[in-house]
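Colleague: Give me a model of this one.
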Amino acid sequence: MYPDDSNWSRELRQVFEALARRRRAVIATFLVVAAALATVFLFFMPDKAVCMMAVKKPSEIFVPMGEEGISASAAVPLLEGQTYRDMVSTFGFASQVTKAVAKQGLVMDVTKVHRSISAEFRDPDLLNLKGASQDPRNAVLLANAACETLSRNNREELRSQLKEQEGAISQLLAAAHEDVQKNLVALATYAQEHGLLNVNFDAGSSELEHNLQTIGSNQVNMAQQRAELEQDLRNLDVLKTPDGAAVNALNFPVQDPAITSLQTQIEQVRKDLWDAQKVYTADHPVVKNLTFELKSLGDELAKKVDGLKGQKTFHPSPEWKLAIASAAAETESRIVGERGEIAAWNDLISQQRQALGVVPEEAGEVNKLKVALTFAQDRYQQLAKQLDSTRVGLNSSQGTLSIIQLASGAEIPNWFLRSIVIVGLLLTMPVGVGLFVDYLGDSVRSPVGFARDLGEICLAAVPKSRALSPRRLRNDDGLVSLNEFRVMRSSLRLVWGQQAPRVIGIISGHAREGRSTVTLQLARALVEERRRAAILDADLRTVGMAPKLGVKPKSGLLQVLTGESTLEEALMPISDEVQLLPAKAHGELVPANSDLLFQGPRFRECLEQLKEQNDVVLVDMPPLLEFPDAAEMLQELEALVLVVNGENRIKATETARACLDLLRHVEAKRLGIVVNQVLA
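Modeller: From the prediction side, this is the model:
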C-alpha cells in the first residue's frame with residue numbers, strides 16, 4: 001500500500017458523497033446529455049462523401065518588372081493546396097457548385113451548399129473535398145460537383161496565367177534580340193574605327209588581361225554612379241520647383257500625402273472585404289458596409305486626382321510641401337555621397353592605369369563589348385527556350401489539380417470513436433456538473449467546523465436524507481433513523497458529565513428548522529437507555545407536535561397554564577416510556593399575550609411535576625427570534641440545545657449567532673448545536 005493510499009481513498013469517497021448529494025443534478029444532466037446526443041446523431045450528423053484530388057507542384061511564371069527601359073523578370077507561384085482549401089470555403093465557390101448540382105436536378109440554397117461542402121488539405125499533395133447531406137446520394141453529388149468545379153476553375157486559371165506568361169516572355173525576348181543586335185553593331189563599329197579588325201587581343205599575358213578587366217569593371221561602376229548622380233540632380237531640380245510653376249502635379253516625384261493616405265485606406269478596406277466575402281454572402285450587412293466604404297474612398301481618391309489634373313500651376317498643400325522638403329534634403333545628401341564615390345572611383349582607375357603602364361586601351365574596350373555581347377546572346381537563348389516550354393504547356397495544360405477518385409458512396413461512420421465520445425460525455429458531463437453544483441452549493445459542509453466557528457460544540461449532524469415526514473413520525477418509521485440521535489445522546493452524556501440536566505430545552509431561531517423532529521427523536525434515543533422521558537410542547541404559536549403524530553388532544557399546556565385542565569388529563573403517551581404534553585387542545589386559539597403565561601408559577605409547577613414522573617424532560621420551545629415566549633421560559637430550563645437548519649450556510653450562521661448572542665447575554669447553559677438538514 002502506498003503512503004498516500006488513505007488520502008486517495010478519502011478523496012475518492014468525498015467525490016462519491018458529493019455526487020450522492022447532488023444525485024438529482026447528476027441524473028438530470030445524464031438525461032439531458034443523452035437526449036442531446038440522440039438528437040445530434042439522429043438529426044445533425046449528416047452522411048459525408050469524399051472526392052480526392054491531387055495537387056501538383058506549382059509551376060512558375062515570369063512577368064516583366066523594373067523601370068522603363070530595364071528588362072527584368074520575377075517568379076510568381078501558382079496557388080498552393082491551402083489556398084484551394086480556402087477557396088472552397090467562399091460563397092462564390094458555393095454559388096458555382098449550386099449551379100452545377102442544379103443542372104443535375106438537385107436544387108439547393110447557396111447558403112446550405114456553403115455549409116455542406118468543405119475541403120481538407122493533407123501534405124504534400126492530397127486535397128479532399130467533402131459533401132455532407134442527410135441523403136447519401138446528395139452527399140455524393142455535392143462532393144463530385146465540388147471537385148469538378150474546382151478542377152475546371154483551376155484549368156481556366158492556369159491557361160490564363162500561361163497566356164500572360166507567354167506574352168511577357170515574348171516581350172522580353174524581343175528586347176533581348178534588340179540588345180544582341182545593339183552589342184553586335186557597337187563591337188563592329190569600335191573595331192572599324194580603331195583599325196582592330198585583324199588584331200588578336202587574346203595573345204597578351206593573363207596578368208595583363210586580368211588588369212584590363214579590373215580597370216574595365218571599375219569604369220563600368222563609375223559610369224553607373226555618374227548615371228545615378230545625373231538622375232538625382234534632375235530630381236532635385238524638379239523638387240525645387242517654386243509655387244505657381246507650370247508643372248504637372250500628377251507626375252511630381254513626391255506624391256501628395258492625402259492621396260497616399262487614401263490609397264492605404266483603400267488597400268486595407270479591400271483586404272477586409274475579401275476576408276468578409278469568404279464568410280458572408282453579398283447581401284450581408286458587413287459586406288455591404290465594406291463595399292460602400294470602398295466606393296466612398298475610391299470616389300474621394302478620384303476627386304483628389306481630378307483636382308490635381310485640373311491644376312495648370314503647381315500649388316502644393318503644407319503637408320505636401322513638408323514631404324517635398326524632406327525628399328529634397330535626402331536627395332541633396334545622396335548627391336554629396338555620389339560625388340564623393342565618383343571621385344574615389346576616378347582616383348582608383350588613375351592609380352591602376354599608372355601601375356599598368358603603357359598598354360593598348362583598345363583591348364580593354366573590345367573585351368567589354370565582347371562580354372556584353374555574350375551576356376545578351378545567353379539571355380536571348382534562355383528566353384527562347386522558356387518561351388517554347390510555355391507554349392508546349394499552354395497546348396497541353398490540364399491544370400495543377402487532378403481528380404484521383406470521385407465519390408461513389410457515403411463514408412462509413414467511425415462508430416468506435418463515436419462510442420468513445422458518447423461514453424465519455426455520458427460519464428464526464430454528469431459527474432462534472434454534479435461536482436460543480438456541489439462546489440457552488442451554500443449548505444453547511446462541515447457541521448463540526450460550523451459549530452467550532454461559533455464557539456460551540458456540535459452534538460449531532462442530521463443528514464437531509466434522514467428527514468422524516470409526519471406520516472413516518474406517526475408510524476414510528478423514524479426508529480431506523482436514530483443513529484445520529486444516538487450519537488447526540490452520547491455527546492450529551494460527555495458534555496453534562498456527572499450532573500445530568502433534567503429539563504432540556506430544544507430551541508431554534510426560526511420555525512421549520514427541525515426542532516420538533518429533533519425533540520421527538522432524541523426522546524426515543526434516550527428511552528433506549530431505560531430512561532423515562534417526557535416531551536413538553538411549549539410552542540403555543542403553531543399547531544404543535546400533536547398533529548404531526550396524528551392525534552387530536554382535548555387539552556394541553558395552554559389549558560394547564562390557564563387552569564382549565566390538570567397535567568394528568570393533558571398528558572398523552574407516545575410509547576411505553578415517552579409521554580407528550582401537547583401545546584394546546586385541538587383547534588384552540590392562542591391568546592395574543594401567551595408569553596405572559598410562562599411568567600406565572602403554573603409553568604414552573606408543571607415542569608416540577610414532569611421531573612418527578614420522568615428522568616428527563618425535553619421542552620420543544622417556540623422560535624427564539626420570532627416570539628417572546630421562549631425568552632420568558634429560559635430561566636426555568638436547566639440546559640439548552642440549539643437546532644440550526646444547515647441548508648443555507650449564510651442564513652444558518654446569522655441565525656445561530658443571533659440566538660447565541662441572546663443566550664450568552666442571559667447566561668443560559670448551552671449544551672451544544674444540532675445541525676439539521678445537512679447534505680450527506
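Colleague: Sketch out the helices for the stretch 501-650 of the chain, chain order is fine.
Modeller: 515-526, 557-562, 567-570, 601-613, 629-633, 649-665 (DSSP state H, counting those that start in this stretch).
Colleague: List the contacts of the shortest one.
Modeller: Spelled out, that is helix 567-570. For helix 567-570, contacts defined as C-beta atoms under 8 Å, 6 or more residues apart in numbering pick out Pro553, Lys554, Ser555, Gly556, Leu557, Gln559, Val560, Leu581, Pro582, Cys606, Gln609, Leu610. The way it works is simple: take the backbone N, C-alpha and C, and place the C-beta from them, glycine included.
Colleague: what does the first one give?
Modeller: Contacts with helix 515-526, where a contact means C-beta under 8 Å, 6+ apart, come from 462, 467-468, 473, 478-479, 481-482, 485-486, 488-489, 506-508, 533, 535, 537, 539, 545, 548, 574-575, 578, 615-616, 618, 620-621, 641, 643, 674, 676.
Colleague: residues of stretch 509-529 that come out buried?
Modeller: For stretch 509-529, burial by neighbour count (16 or more other C-beta atoms under 10 Å) applies to 509-510, 513-527.
Colleague: before we move on, the earlier item: which of the helices of the stretch 501-650 of the chain sits most buried?
Modeller: helix 515-526 (a mean of 25; mean count of other C-beta atoms under 10 Å).
Colleague: per-residue confidence averaged over it?
Modeller: For helix 515-526, mean pLDDT is 89.
Colleague: what do you get for stretch 225-239?
Modeller: Rounded mean pLDDT across stretch 225-239 is 84.
Colleague: quick one: buried residues of it?
Modeller: Within stretch 225-239, the residues that count as buried by 16+ other C-beta under 10 Å are Gln225, Arg226, Leu229, Asp232, Asn235, Leu236, Val238, Leu239.
Colleague: same thing with stretch 110-125?
Modeller: Val110, Val113, His114, Ser116, Ile117, Ser118, Ala119, Phe121, Asp125.
Colleague: what's the answer for stretch 269-281, then?
Modeller: For stretch 269-281, burial by neighbour count (16+ other C-beta under 10 Å) applies to Val269, Asp272, Leu273, Ala276, Gln277, Thr281.
Colleague: Go through those residues and flag which are in helices.
Modeller: Val269, Asp272, Leu273, Ala276, Gln277 (DSSP state H).
Colleague: mind listing what the last one touches?
Modeller: The reference is to Gln277. Thr90, Phe91, Gly92, Val287.
Colleague: run the last query once more with 7 Å
Modeller: Thr90, Phe91, Val287 (C-beta atoms under 7 Å, 6 or more residues apart in numbering).
Colleague: Test for you: state the pLDDT assigned to Ala639.
Modeller: pLDDT, Ala639: 91.
Colleague: For the stretch 1-150 of the chain, which segments count as helices?
Modeller: Using DSSP H, counting those that start in this stretch, helices in the stretch 1-150 of the chain cover 5-21, 23-43, 81-88, 91-103, 110-116, 136-193.
Colleague: how about these, which one is nearest Ala49?
Modeller: Taking C-beta to C-beta, helix 136-193 is the member of the helices of the stretch 1-150 of the chain nearest to Ala49, at 4.1 Å.
Colleague: And the strands in the stretch 301-450 of the chain, which stretches?
Modeller: 401-405 (DSSP state E, counting those that start in this stretch).
Colleague: For it, which segments count as helices?
Modeller: Using DSSP H, counting those that start in this stretch, helices in the stretch 301-450 of the chain cover 318-356, 361-395, 415-440, 447-453.
Colleague: The first one relative to helix 361-395, how many degrees between them?
Modeller: Compare the direction of helix 318-356 with that of helix 361-395 by axes from the mean of the first three to the mean of the last three C-alpha atoms, to 10 degrees and you get 130 degrees.
Colleague: Okay, buried residues for helix 318-356 please.
Modeller: Under 16+ other C-beta under 10 Å, the buried positions of helix 318-356 are 320, 323-324, 327-328, 331, 335, 338, 341-342, 345, 349, 356.
Colleague: list the helices and strands it packs on?
Modeller: helix 206-239, helix 257-279 (3 or more C-beta pairs under 7 Å, 6 or more residues apart in numbering; DSSP states H and E).
Colleague: JSON lines for those, including distance to Glu178?
Modeller: Formatted as JSON lines, the helices and strands packed on helix 318-356 follow (distance: least, C-beta to C-beta, whole Å):
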{"stretch": "helix 206-239", "distance to Glu178": "20"}
{"stretch": "helix 257-279", "distance to Glu178": "35"}
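Colleague: roughly how far is stretch 286-301 from the heart of the chain?
Modeller: 32 Å (C-alpha atoms, centre = their mean, to the nearest Å).
Colleague: for it, what is the average pLDDT?
Modeller: Stretch 286-301 comes out at a mean pLDDT of 87.
Colleague: Give me the residues contacting that stretch.
Modeller: Stretch 286-301 is contacted from outside by Ile259, Leu262, Gln263, Gln265, Ile266, Val269, Arg270, Asp272, Leu273, Ala276, Gln277, Tyr280, using C-beta under 7 Å, 6+ apart.
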